[in-house]
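# No letters, just coordinates:
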């Protein structure tokens, strides 16, 4: 597909991005190149050939060891089976709730990570963080890469638009809130603020966003600002309901 590109956004961490929807939206995956390479998100089945081709510019796709994803949705893991077929040693990686409710959908048993559990890839290490219902899906979770300080944050901080830079330092919260006002994809669960604080406690210095640019800066501050914005939205919604 025209528009798929791969860029290094942290040390041996690559953002693979494909622009869709007539050039107005991007779907991103993140490749960690290490002894046991990990791909965070697979993209949809339709995108599989393009994502796999992009990975092959860094390494043979058959070398992929782990195929991790935040929650069970087409753009997170729609191409999982196709990629497992192309990666003989590949394992799905997800959180415990995902395994509990979706295990029958995987062609191979998943490597199930508990909240706070570390998966060593070689020099890189990812720490799994449960994030139920944030932004949506009981099974949702994220991966914090401890060496580079990048939080692979899935659907958090989604930005609209195609052709955005691979890595940005501009106003992430403003851009993502502008998109959320048009497409409100958050579940507004009772635990949202607590989950965002759990993510902020990593001290992340960059964010691997699934839609739009990856971002570098005060990630804990951005996560807390997101919590403030969501709390304000829920307060206003409550007043409307009253």
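Alright, I've got the coordinates. For clarity, every value in this text was computed on a predicted model and none was experimentally measured. Numbering: from 1, shown residues only.
# now the strands: where do they sit in the protein?
5-10, 13-20, 25-32, 38-40, 66-68, 91-95, 111-113, 118-120, 125-130, 141-145, 150-154, 167-168, 206-209, 214-216 (DSSP state E).
# just those: most buried one?
Most buried of those by mean neighbour count (mean count of other Cβ atoms under 10 Å) is strand 150-154; its value is a mean of 29. The C-beta positions use only the backbone N, C-alpha and C, and glycine is treated the same way.
# Who are the packing partners of that strand?
Packed against strand 150-154 by the contact rule (3 or more Cβ pairs under 8 Å, 6 or more residues apart in numbering; DSSP states H and E) you find strand 141-145, strand 206-209.
# follow-up on the earlier one: how about JSON lines for the strands of the chain, with mean pLDDT and distance to residue 78 added?
JSON lines is the format used below for the strands of the chain (pLDDT from 0 to 100; distance: least, Cβ to Cβ, whole Å):
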{"stretch": "strand 5-10", "mean pLDDT": "98", "distance to residue 78": "19"}
{"stretch": "strand 13-20", "mean pLDDT": "96", "distance to residue 78": "13"}
{"stretch": "strand 25-32", "mean pLDDT": "97", "distance to residue 78": "10"}
{"stretch": "strand 38-40", "mean pLDDT": "98", "distance to residue 78": "13"}
{"stretch": "strand 66-68", "mean pLDDT": "98", "distance to residue 78": "12"}
{"stretch": "strand 91-95", "mean pLDDT": "98", "distance to residue 78": "13"}
{"stretch": "strand 111-113", "mean pLDDT": "97", "distance to residue 78": "19"}
{"stretch": "strand 118-120", "mean pLDDT": "98", "distance to residue 78": "22"}
{"stretch": "strand 125-130", "mean pLDDT": "98", "distance to residue 78": "21"}
{"stretch": "strand 141-145", "mean pLDDT": "98", "distance to residue 78": "18"}
{"stretch": "strand 150-154", "mean pLDDT": "98", "distance to residue 78": "14"}
{"stretch": "strand 167-168", "mean pLDDT": "98", "distance to residue 78": "25"}
{"stretch": "strand 206-209", "mean pLDDT": "98", "distance to residue 78": "18"}
{"stretch": "strand 214-216", "mean pLDDT": "98", "distance to residue 78": "21"}
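# Thanks again, I'm all set now.
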